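1. fold the following for me, if possible:
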Amino acid sequence: MNVNQCPHCKRPYRRTTEQNALLWAMLTEVSQAVEWYGHWLTPEEWKDVFTAALRKEKVVPGINGGFVVLGQHTSKMDKQEFAELIELITAFQAERA
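-> Numbering: from 1, shown residues only. Model prediction:
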């Protein structure tokens, strides 16, 4: 029996409440500690940066200039992918400590 998936439908379980709380605590910490290319990003913006890095998402030009990262939805991540996102943030923080 796989403990990471629903025994009935076999879909992977989504992130836990604990994982979600840890994610936002870490994103807040990074947002207060790291200036990114001359900008202080919000926790929400850092979530986009880390999610794009984890998933190697596509980036396309925006309608009015700039760029848009496509396909980022942490709410659709399973527990394993969410854990990988947290590990990525942890490694990023360690590099800058």
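
2. worst-scoring helix or strand of the chain, pLDDT-wise?
-> strand 67-69 (a mean of 87; mean pLDDT, DSSP states H and E).

3. that one pairs with which strands, parallel or anti?
-> strand 59-61 (antiparallel) (DSSP bridges).

4. same question for the partner strand, mean pLDDT?
-> For strand 59-61, mean pLDDT rounds to 92.

5. Gln72 belongs to a strand, doesn't it?
-> No. Under DSSP: H, G, I helix; E, B strand; the rest coil, Gln72 sits outside any strand and is assigned coil.

6. what's the closest non-adjacent residue to it?
-> Closest residue to Gln72 in three dimensions, ignoring its sequence neighbours and counting by Cβ to Cβ, 6 or more residues apart in numbering: Thr51, at 4.4 Å. (Each C-beta comes from the backbone N, C-alpha and C, glycine too.)

7. can you tell me the helix or strand for the one you found?
-> helix 43-55 (DSSP states H and E).

8. how distant is that helix from the center of its chain?
-> 5 Å (Cα atoms, centre = their mean, to the nearest Å).
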